[in-house]
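In: Structure, please.
(2 chains)
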Amino acid sequence: MKGAVVARYVALSVILVLLVAPLAWLFISSVRPASEIFRWSHEFGWRTFVPAELTLQNYATLHEIGYWRALRNTIFVAGATMVLGVLVNAAAGFAFAVFRFRFQRTIFVLVLLSAMMPFEGIVIPLYTLVRALGLVDTYTALILPEVASGFVIFLFRQFFAGLPREFYEAARVDGATWPVIFWRIAIPLSWPVVVTGAMMLFIMQWEAFFWPLVAAPSPDYTLVQIAIARNRSMEETAWGRMFSATTLACLIAIVPFLVFQRFYLRGLTAGGIK
Amino acid sequence: MTVAAHGRGGWLRDSGIGTQAGTLMIALFLAPALLGLVAFRLVPIAIALVGSLFGETLAGDLVWRGLGNFERLLGDPNVWHSVRVTLLFNLLINPLQVLIAFGLALLVLRPAPGIGLFRAAFFLPMTLSIGLTAMLWDILLNQHVGPVNALIAQLGFARQGFFHDENQALATMIVIASWKGCGYWMIFLLAGLAAIPEELHEAARIDGASAWQRLRYVTLPLMRRPLAFVLVADTAANFVFFAPVFILTSGGPNGATDLLMFRAYETAFTFGDWGRSLALSTIILLIVAAIAAVELRLLRDDGTQAG
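Out: Numbering: from 1, shown residues only, chains lettered A, B, ... in the order given. This next block holds a predicted model:
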C-alpha cells in the first residue's frame, strides 16, 4: 500500500514538471532582458530557469504591436459572449426542461448535434455569410456566432429537469409568471451551471483563432491570439515581447480558471455529464 | 448526484404545469438560442452544401459547376495526401489524448494531501490557447536556441528538428496538442469518475478484486458514456485542427502537416477558389459526422454485449 502511494506521488510529480516547466520558462523568459534570453540556451541547467537580471522591458514595449487594444477587444468579446450566452442558453435549457411543445425531442436532438459539430468546420461558409451581410470587421461578427451553444443549453436543460417540481409548482400557484420563475428561482438555483457555462463560453472566445483571424482582419478588431501570431510572423527576433504578450494572455485566463475550477467540476456533474 | 434521472420520469406531463405556458411564452424562451444556432450553424452548413456546387469567374461572378468541384478534388493527389495525413493524425491523437486524460483523471481522483495542487497544475496548460501553445513550443523546441534541444545535446544525442523535420513534424504537433489538451478532457472524465458510488469499489474490494480488476469490471463499464462523449468531442475538435499549422508549418515541411482544415483555408483565402473551399468544408463535415456516428455505434454495441 505504501509503495502504491509513493508511486502515485512520483507519477503526479513527473507529470507536474512536464506540464508546468514550459510555462515557468515562458514566465521567466518574459522578465529577462533581450540579451539574456538565449545566453544560456546552449546548456540546460539551473540557469535555464533563474534569470541573472530582471526587467519589465518586454512588457513596456507591448503597445508597439497594438497589444493593449487587442487585449481590450478580447476581454470585451469574451465578456459579452459570456453574459449573452449564459442568458440565452439558460432560457433555452429551461424551456426544454419545463415546457412541452411540438417537435420538442427533434429540436433538442438537433441542438445536441450542433454541439457535436466543430465550429472551425463551418468557418469558411460562415465567413461568406458574414461578408454578404457586410459584417466583416465588427464586434457583432466576433460575438454573435458564439453566443448560442448547444452544449451549454444541454447543461442547463439537464439541471432544470432535475429540480423537484415543487419549485416551479409553488411559484405558479403563487401567480408568478414564467420569466419571473426563470429569473428569480431557476437561475439562482443553477449557479454551478451558470459558472460552468460562463467559463466555457469565455474560454471558447479566449481561445478562438480561426474565426477571429478571418472575420476581423483589421487591427482595430484584432484579438490577442491573432495579434501575437501576427507579431511573430513579422519580426522573428522580437521574442522577448512574444514571451510577455503570451504570459499576460495566459495569466488573464488562469485567474478566473483557478478561482472557478471547483465550481466547474461541480457544474459538469450537476449537468449530467457522467 | 442523480439529478438527470429525475428528468426522465415524465412528471412534467403528469403534473400538467407544462401546458400552462402559452406558445408565445415558449417562443420567448427558445427563440434567441435557436435563432443563433440556425443562423450560425445551420445556414453555414447550407451555404457549404450549395456553394460547393458553384465557382467564381475572374470577374467575381458565380458560375454553376455542379459536382465539378468534388470531381476535381477527388482527382487531385494532393487532396488525397491531405486526407491521409488528417486521418493518420486523428488515428494517433484521439486515442492517445483520451488514454492520457483518463490516466490523469484516475491519478487525481482520490483525495490525498496536496492533491488540489496537482489538479490545479494539470489544468494550467489549458489556459494557453492552442495557437500560443504552438508558438511557445516552437521556441522551446528550436534547433539552435531551444532549451529542449540544449538538454538533448547535453545528454549526448543529436539536436532534433521537430517542427522543421519532415519525419517529426506531425508527431510533434500531436505531442504539443496533447500537452495542452489532455487536462481539458480530464475534467469531463473526472466528473464521470466522481459520480461512481464509492460503495461499488468497496464491495468489489471486499470480494477480493484487485485494483486492476476493479478498474476493468467496475470503473470502465460505468465510464462508457463519458469516454464516448470525450472521444467523439475530441475527434471533432482534432479533425479541424488549424492554428498550429497556420502559425508554424503552413502544411510543411514537405506536406508532413498538410491537414485538411488548413488546405480549405488556403484554398479560400490564398487562392480565392471559394467553391472548391466550400466543397472541402463539406467533405470535412461529412467525415466528422461519419466518424462520430461510427464511434458512438461502436461504444454502444460494446455496452449491449457486456450487459
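In: Output the below-cut-off pLDDT ranges for the stretch 51-200 of chain B.
Out: Nowhere does the stretch 51-200 of chain B drop to pLDDT under 70.
In: Please name the nearest non-neighbouring residue to A:L126.
Out: Nearest residue to A:L126 in three dimensions, chain neighbours excluded: B:P44, at 4.3 Å (CB to CB, 6 or more residues apart in numbering or on different chains). Heads up, the C-betas are built off the backbone N, CA and C, glycines and all.
In: make that A:S190, sorry
Out: A:F159 is the one closest to A:S190 (CB to CB, 6+ apart), at 5.1 Å.
In: Against B:W64, how distant is the residue nearest to A:L126?
Out: Distance of B:P44 to B:W64, given as CB to CB, to the nearest Å: 21 Å.
In: higher neighbour count, these two?
Out: B:P44 (27 against 9; other CB atoms under 10 Å in any protein chain shown).
In: Look up phi and psi at that one.
Out: Phi and psi for B:P44, reported as degrees, to the nearest 10, are phi -60, psi -40.
In: from memory it sits against A:I122, does it?
Out: Yes. Using CB atoms under 8 Å, B:P44 is in contact with A:I122, at 4.0 Å.
In: May I ask which helix or strand encompasses residue 228?
Out: I'll assume chain A. In the assignment (DSSP states H and E), A:I228 maps to helix A:224-234.
In: wait, chain B
Out: helix B:224-239.
In: Make sure B:G55 is indeed in a strand.
Out: Yes. Using DSSP: H, G, I helix; E, B strand; the rest coil, the secondary structure at B:G55 is a strand.
In: What pLDDT is listed against the residue nearest to it when sequence neighbours are not counted?
Out: Leaving aside its chain neighbours, B:G55 sits nearest to B:G275 (4.1 Å; criterion: CB to CB, 6+ apart). On pLDDT, B:G275 comes in at 91.
In: what about B:G275, how many neighbours?
Out: B:G275: 22 neighbours (other CB under 10 Å).
In: before we move on, what about A:T177?
Out: Residues contacting A:T177 under the criterion other CB under 10 Å number 12.
In: Could I get the full set of strands for the stretch 51-200 of chain B?
Out: Remark: strands assigned in the stretch 51-200 of chain B by DSSP state E, counting those that start in this stretch are B:54-56, B:62-64.
In: Adjacent strands (with direction) for the first one?
Out: Pointing back at strand B:54-56 there. Partners of strand B:54-56 in the sheet, by DSSP bridges, are strand B:62-64 (antiparallel).
In: Other residues contacting the partner strand?
Out: B:53-57 (CB atoms under 8 Å, 6 or more residues apart in numbering or on different chains).
In: what's the pLDDT at the residue of the stretch 1-150 of chain A found nearest chain B?
Out: In the stretch 1-150 of chain A, the residue that lies nearest chain B is A:A148 (2.8 Å; CB to the nearest CB). Among the per-residue scores, A:A148 holds a pLDDT of 96.
In: likewise A:R262?
Out: Note for A:R262: predicted pLDDT of 65.
In: How about A:V259?
Out: Here, the pLDDT recorded for A:V259 equals 65.
In: now the helices for the stretch 101-250 of chain B?
Out: For the stretch 101-250 of chain B, the helices defined by DSSP state H, counting those that start in this stretch cover B:115-123, B:130-140, B:147-154, B:169-194, B:198-206, B:211-214, B:220-222, B:224-239, B:243-244.
In: Would you map out the domains in chain A?
Out: Annotated domains of chain A cover A:2-55, A:63-270 [automatic domain parsing].
In: could I get those domains as JSON lines with distance to B:F29?
Out: Output for these, formatted as JSON lines (distance: least, CB to CB, whole Å):
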{"stretch": "domain A:2-55", "distance to B:F29": "42"}
{"stretch": "domain A:63-270", "distance to B:F29": "4"}
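In: Confidence-wise, which of the ones you listed is weakest overall?
Out: domain A:2-55 has the lowest average pLDDT among those, namely a mean of 84.
In: So what's the gap between it and the chain middle?
Out: Taking CA atoms, centre = their mean, to the nearest Å, the mean C-alpha location of domain A:2-55 is offset from the chain mean by 26 Å.
In: check contacts around A:A4.
Out: Taking CB under 8 Å, 6+ apart, one finds B:A211 in contact with A:A4.
In: ok, and what's touching the helix holding A:I228?
Out: Residues outside helix A:224-234 that contact it (CB under 8 Å, 6+ apart): A:65-67, A:70-71, A:73-74, A:207-209, A:212-213, A:216, A:222, A:238, A:241-242, A:245-246, A:249, B:129, B:131-132, B:135, B:243, B:246-247.
In: Between helix B:130-140 and that helix, find me the angle.
Out: Here helix A:224-234 runs at 40 degrees with respect to helix B:130-140, directions being taken by axes from the mean of the first three to the mean of the last three CA atoms, to 10 degrees.
In: Would you mark the buried spots in helix A:224-234?
Out: By neighbour count on 16 or more other CB atoms under 10 Å in any protein chain shown, the buried set for helix A:224-234 is A:224-232.
In: tell me the phi and psi of B:F157?
Out: Note on B:F157: its backbone torsions stand at phi -100, psi 170 [degrees, to the nearest 10].
In: re the thing from before, of all the domains of chain A, which one is nearest B:I176?
Out: domain A:2-55 (9.3 Å; CB to CB).
In: Near residue 162, how many other residues are there?
Out: In the absence of a named chain, chain A is used. Quick note: A:G162 (other CB under 10 Å) scores 20 neighbours.
In: you looked at the wrong chain, it should be chain B
Out: Using other CB under 10 Å, the number of residues around B:F162 comes to 22.
In: B:M173 is in contact with that one, correct?
Out: No. Using CB under 8 Å, B:F162 is not in contact with B:M173; the gap is 9.7 Å.
In: Next, the buried residues of the host helix or strand of A:A141.
Out: A:A141 belongs to helix A:139-143 when assigned by DSSP H and E. Neighbour-count burial for helix A:139-143 flags A:141-143 (criterion: 16+ other CB under 10 Å).
In: likewise stretch B:93-109?
Out: For stretch B:93-109, burial by neighbour count (16+ other CB under 10 Å) applies to B:93-94, B:96-98, B:100-102, B:104-109.
In: what do you get for stretch A:187-207?
Out: Residues of stretch A:187-207 classed as buried: A:187, A:190, A:192-207 (neighbour count, 16+ other CB under 10 Å).
In: And the contacts of stretch A:65-81?
Out: A:62, A:139, A:142-143, A:146-147, A:201-202, A:204-206, A:212, A:219-228, A:230-231, A:241, A:245, A:248-249, A:252.
In: Tell me which of the buried residues of stretch A:187-207 fall in helices.
Out: Among the buried residues of stretch A:187-207, the ones falling in helices (DSSP state H) are A:187, A:192-207.
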